[in-house]
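Visitor: Okay, here's the prediction I keep looking at, along with the sequence it came from:
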Amino acid sequence: MNPALLNDEQKMIKEMADRFAKDRLLEGYRERALKNDPLDRQLIKEMGELGLLAPNIPEEYGGIGASSFVNGLICEAIAYGDFNISYMNMTNPLMSDVIMRFATHEMKQDVLPKMASGEIIVGLGLTEPRGGSDAGNLILKAVKTDTGYILNGEKTSMSYATQADSVLLFARTGTVESGPYGVSAFYVDLNLPGISRTDFDDIGNKPVGRGSVFFEDVEIPASALIGNENEGFTKIMVGFDLSRVLIALQCVATAQVSVDETWQYVQEREAFKTPLVKFQGVSFPLAEHESTLESLRALAYQTLQLRDGGHRHTREAAMLKWMGPKYCTDIIQSCLLLHGHYGYTTDLPFQQRMLDVMGLQIGDGTAQIMKTIISREKVGKVALQYK
């Protein structure tokens with residue numbers, strides 16, 4: 001984002017996030033990404049102290065009360081330094097927004113300050129083994145009792161599966177036939193009896209720790225319910241319009257740092273006694289990458305402005321969600337190749353960035369699902385015009 005388009009407060013926040021990313025994250029990204037260790041809690045707490053984890057949370061609950069636009073600035077800045085750490089900048093605003101809008105005052109007071117400070121990591125319990133893209137077709141059950149609910153079932157492909165302290169869980173309280181209209185939202189402590197977890201051996205995003213969480217006769221109090229019964233699914237689907245934009249900005253930032261490093265490399269590297277940058281076969285692809293990234297960035301911030309203005313932005317968010325991971329994976333691969341045989345080693349971060357970004361061609365909705373959403377938005381408007 002061009003600083004000339006930002007106000008003084010936005011510039012200050014962006015500069016702070018940029019400094020943190022470059023000073024604390026960029027150099028150690030590759031080493032952290034290659035390990036099978038969880039996210040670095042110390043780094044997360046440092047981000048919380050700076051107000052970078054969930055800036056949308058109001059000041060009364062420990063946040064800075066920032067707009068979605070500012071969320072985007074921070075998410076992009078952090079992802080420039082470490083794609084996996086920036087997952088917190090994508091998931092925290094999504095889940096804290098649900099809690100802010102629908103939870104009780106007591107839950108807000110308890111949970112939101114801990115999310116803003118980095119004291120806790122909260123997972124999103126939505127995807128199930130048989131569901132995947134059919135997110136409303138849930139079978140994990142929450143059976144009502146005199147004191148609360150009993151949970152039985154499995155969530156899979158959950159980020160932070162083995163390291164999350166709690167989960168924003170979506171469970172079936174209605175009949176199976178009711179589909180998404182029989183789903184309720186709960187805030188659940190993941191240290192309760194009856195909960196077990198496993199992690200996946202993914203090719204990328206290893207610090208995020210995707211895996212499965214199993215619930216066997218898990219008792220939760222009635223106060224764990226967020227909002228009304230059977231109205232949970234609509235709450236999270238609205239939030240996806242934000243997370244999909246932030247995902248695109250994560251990918252843009254990771255591709256941008258790769259392009260920046262490649263520009264530097266091709267100015268220093270020579271072939272036939274000539275800097276590589278003077279060959280159009282080298283400089284033109286990089287110019288194309290800059291153009292693509294700037295286009296994605298412009299659409300992302302336009303979409304966040306639509307959200308802040310209370311305007312519909314589902315179509316734009318879906319566009320960004322399929323284009324961002326796809327185009328940015330291709331750009332990073334191109335940067336790897338422009339570094340020649342050295343780019344193909346693990347000494348440089350390109351292969352890791354490519355694998356990390358590629359994962360988001362699946363997470364939060366595949367390209368096919370996003371294109372279905374775009375088609376529905378378009379056809380719906382056309383249909384309304386010709387009624």
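Guide: It's in.

Visitor: where along this protein do the strands fall?
Guide: For the chain, the strands defined by DSSP state E occupy 122-125, 141-144, 148-158, 166-172, 183-189, 195-199, 211-221, 225-226, 270-271, 274-275.

Visitor: weakest of these in terms of mean pLDDT?
Guide: The minimum mean pLDDT among those belongs to strand 270-271 (a mean of 86).

Visitor: Which parts of this structure are helices?
Guide: 8-20, 29-34, 41-49, 68-81, 87-102, 105-117, 232-268, 280-308, 314-338, 340-343, 350-358, 367-385 (DSSP state H).

Visitor: For the residue nearest to residue 254 when sequence neighbours are not counted, report the pLDDT, please.
Guide: Nearest residue to residue 254, sequence neighbours excluded (Cβ to Cβ, 6 or more residues apart in numbering): residue 83, at 4.7 Å. For the C-beta atoms, the positions are set from N, CA and C on the backbone; glycine is no exception. On the pLDDT scale, residue 83 is placed at 96.

Visitor: Out of the strands of the chain, which is closest to residue 43?
Guide: Distance to residue 43, taken as Cβ to Cβ, is lowest for strand 122-125 among the strands of the chain, at 17.0 Å.

Visitor: now the strands of the chain as TSV including mean neighbour count and distance to residue 262?
Guide: Output for the strands of the chain, formatted as TSV (neighbours: other Cβ atoms under 10 Å; distance: least, Cβ to Cβ, whole Å):
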stretch	mean neighbour count	distance to residue 262
strand 122-125	26	34
strand 141-144	18	50
strand 148-158	20	32
strand 166-172	26	39
strand 183-189	23	44
strand 195-199	15	33
strand 211-221	18	34
strand 225-226	24	45
strand 270-271	12	15
strand 274-275	12	13
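
Visitor: Is it possible to get CSV of those strands that adds distance to residue 308?
Guide: Formatted as CSV, these follow (distance: least, Cβ to Cβ, whole Å):
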stretch, distance to residue 308
strand 122-125, 23
strand 141-144, 34
strand 148-158, 29
strand 166-172, 23
strand 183-189, 24
strand 195-199, 36
strand 211-221, 33
strand 225-226, 24
strand 270-271, 48
strand 274-275, 44
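
Visitor: Tell me where the stretch 151-300 of the chain is predicted with low confidence.
Guide: For the stretch 151-300 of the chain, no stretch is flagged by pLDDT under 70.

Visitor: What is the neighbour count of residue 316?
Guide: Residues lying near residue 316 (other Cβ atoms under 10 Å) number 23.

Visitor: just checking, residue 205 touches residue 357?
Guide: No: with contacts defined as Cβ atoms under 8 Å, residue 205 does not count as touching residue 357, sitting 9.3 Å away.

Visitor: okay, and the common contacts of the two?
Guide: Counting by Cβ atoms under 8 Å, 6 or more residues apart in numbering, the residues touching both residue 205 and residue 357 are residue 83.

Visitor: Contact partners for residue 130?
Guide: 137, 139.

Visitor: for residue 306, what are its contacts?
Guide: Residue 306 touches 312, 313, 316, counting by Cβ under 8 Å, 6+ apart.

Visitor: Verify the contact between the second one and residue 307 for me.
Guide: Yes: counting by Cβ under 8 Å, a contact exists between residue 313 and residue 307, whose distance comes to 5.2 Å.

Visitor: Identify the contacts common to the two.
Guide: With Cβ under 8 Å, 6+ apart as the test, residue 313 and residue 307 both reach 241, 245.

Visitor: For the residue nearest to residue 254, which residues are in contact?
Guide: 29, 33, 205, 250, 253, 254, 353, 356, 357 are the contacts of residue 83 under Cβ under 8 Å, 6+ apart.

Visitor: Look up how far residue 292 lies from the closest residue to the fourth one other than its chain neighbours.
Guide: In this case it means residue 250. Computed as Cβ to Cβ, 6+ apart, the closest residue to residue 250 that is not its neighbour in sequence is residue 79, at 4.2 Å. Distance of residue 79 to residue 292, computed by Cβ to Cβ, to the nearest Å: 16 Å.

Visitor: again with residue 207
Guide: With Cβ to Cβ as the criterion, residue 207 and residue 292 are 27 Å apart.

Visitor: ok, those two, which is more surrounded?
Guide: residue 207 (23 against 18).

Visitor: Which one of residue 205 and residue 357 is surrounded by more residues?
Guide: residue 357 (31 against 22).

Visitor: Am I right that the more buried one is in contact with residue 332?
Guide: Yes: counting by Cβ under 8 Å, residue 357 touches residue 332, with 6.2 Å between them.

Visitor: intersection of neighbour lists for the two?
Guide: What both residue 357 and residue 332 touch, as defined by Cβ under 8 Å, 6+ apart, is the set 254, 255.

Visitor: before we move on, the earlier item: reformat the contacts of residue 306 as a markdown table; add distance to residue 112.
Guide: Formatted as a markdown table, the contacts of residue 306 follow (distance: Cβ to Cβ, whole Å):
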| residue | distance to residue 112 |
| --- | --- |
| 312 | 27 |
| 313 | 24 |
| 316 | 28 |
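
Visitor: In JSON lines, list those residues along with pLDDT.
Guide: Putting the contacts of residue 306 into JSON lines (pLDDT from 0 to 100) gives the following:
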{"residue": "312", "pLDDT": "93"}
{"residue": "313", "pLDDT": "95"}
{"residue": "316", "pLDDT": "97"}
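
Visitor: Sweet, I'm off.
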